[in-house]
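Participant: Provided below for reference: sequence and predicted model.
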Amino acid sequence: MDLQIKGKTALITGAAGEIGLATAMALAADGAELFLTDTDEDALDTSAAEVADQTGVRATTMVADLTKQADAAALVEKANVSGGIDICVHAAGITGAKGDPLELSDGDYEEAWAIDFMSAVRIARAVVPGMADKGWGRVVYVASENAVQSYADEMPYNVAKAALVNFTKGTAQVYAPRGVLMNVVSPAFIETDMTDQMMEARAEDLGVEFDEAVSSFLDEERPHLVLERRGRPAEVAAVIAFLCSDLASFVVGSNYRVDGGAVLAMNT
């Protein structure tokens, strides 16, 4: 399928993570030029090398801390040398602190807010005006099932991701008439380092093997995930890539859930 993005420059944040990397692969396969960023230089270089090896596309890379507006602006300044950013996929984020919602500290909430929500605001401030000036742009945020299905022990993450979906919905209304389409993809229980760590801890707590920990988690914690497995990063990336394309030219402020059925509610 031709996404009609050949030659467009795609900025991917959190590019050292599994979903960011899979997205880079998907966009590169359709001819996009890549600009990858993360906070870990070694991991970022590894991702860029893997993309080059698999697709032949040599990505521009830059380490950036998106809790700082200056770093977001620096990304755009570097990209402007080659014509600016056409596509932005914001996959950067953390799980954050877990525990009783009222026993978690202000700092626990503030950390998730700064990284999972405010970084999205900062990157939009940096990239959207240039897209609007050109009359074409795509912004896709990676949220989570937690945005609409709250888990009591993950409240800082829940709140930040819910805010991200709301921010996208409202901001999309402002910029869609200027050609910039903003949307969200909300994965659930994907094969990533984050869920690996969750399941390794569960396996240790229960005294079982990793696969059994995954199976029991699905039975007890995700009963509506009817596919009965973790999702693959490439399955999330495929939806992100669609939303980055001209094929999604009538999609504005939507939240696409890639969750295997984990969220049973009909509304977004």
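Facilitator: Good, I have the coordinates.

Participant: What are the boundaries of the strands in the stretch 1-150 of the chain?
Facilitator: 9-13, 33-38, 60-63, 87-90, 137-142 (DSSP state E, counting those that start in this stretch).

Participant: So in that sheet, which strands flank the fourth one, and in what orientation?
Facilitator: Read that as strand 87-90. Partners of strand 87-90 in the sheet, by DSSP bridges, are strand 9-13 (parallel), strand 137-142 (parallel).

Participant: Let's have the ones you listed in TSV, adding distance to Val121 and mean neighbour count.
Facilitator: Bear in mind the C-beta positions are built from the backbone N, C-alpha and C, glycine included. Putting the strands paired with strand 87-90 into TSV (distance: least, Cβ to Cβ, whole Å; neighbours: other Cβ atoms under 10 Å) gives the following:
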stretch	distance to Val121	mean neighbour count
strand 9-13	13	27
strand 137-142	10	27
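
Participant: hmm, back to that, would CSV of the strands of the stretch 1-150 of the chain with mean pLDDT and distance to Gln173 be doable?
Facilitator: CSV is the format used below for the strands of the stretch 1-150 of the chain (pLDDT from 0 to 100; distance: least, Cβ to Cβ, whole Å):
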stretch, mean pLDDT, distance to Gln173
strand 9-13, 97, 23
strand 33-38, 96, 27
strand 60-63, 96, 31
strand 87-90, 98, 18
strand 137-142, 98, 13
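
Participant: Please name whichever of those strands is nearest to Val148.
Facilitator: Closest to Val148 of these, according to Cβ to Cβ: strand 137-142, at 14.1 Å.

Participant: Which helix or strand lies directly C-terminal to the closest one?
Facilitator: Sequence order places helix 155-175 as the next helix or strand after strand 137-142, per DSSP states H and E.

Participant: Report the angle between that next one and strand 137-142.
Facilitator: Here the directions of helix 155-175 and strand 137-142 differ by 160 degrees (axes from the mean of the first three to the mean of the last three Cα atoms, to 10 degrees).

Participant: which one of the strands paired with strand 87-90 lies closest to Ser119?
Facilitator: strand 9-13 (7.6 Å).

Participant: What are the contacting residues of that closest one?
Facilitator: 20, 23-24, 27, 32-38, 64, 66, 75, 79, 82-92, 119, 123, 127, 244 (Cβ atoms under 8 Å, 6 or more residues apart in numbering).

Participant: low-confidence ranges in this structure?
Facilitator: Counting by pLDDT under 70, the ranges of the chain that qualify are 1, 81-82, 267-268.

Participant: one step back: mind putting the strands of the stretch 1-150 of the chain into TSV with distance to Leu44?
Facilitator: Output for those, formatted as TSV (distance: least, Cβ to Cβ, whole Å):
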stretch	distance to Leu44
strand 9-13	10
strand 33-38	4
strand 60-63	5
strand 87-90	15
strand 137-142	17
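
Participant: what secondary structure does Phe217 sit in?
Facilitator: helix (DSSP: H, G, I helix; E, B strand; the rest coil).

Participant: show me what contacts it?
Facilitator: Going by Cβ under 8 Å, 6+ apart, Phe217 touches Met198, Met199, Arg202.

Participant: Most neighbours of all these, which one?
Facilitator: Among the contacts of Phe217, Met199 has the most neighbours (other Cβ atoms under 10 Å), with 21 neighbours.

Participant: looking at this, that one is in a helix?
Facilitator: Yes - counting by three-state DSSP, one finds Met199 located in a helix.

Participant: how near is the residue lying closest to it once chain neighbours are set aside to Leu225?
Facilitator: For Met199, ignoring the flanking residues on the chain, the nearest one in space by Cβ to Cβ, 6 or more residues apart in numbering is Ala213 at 4.8 Å. Distance, Ala213 to Leu225, using Cβ to Cβ, to the nearest Å: 15 Å.
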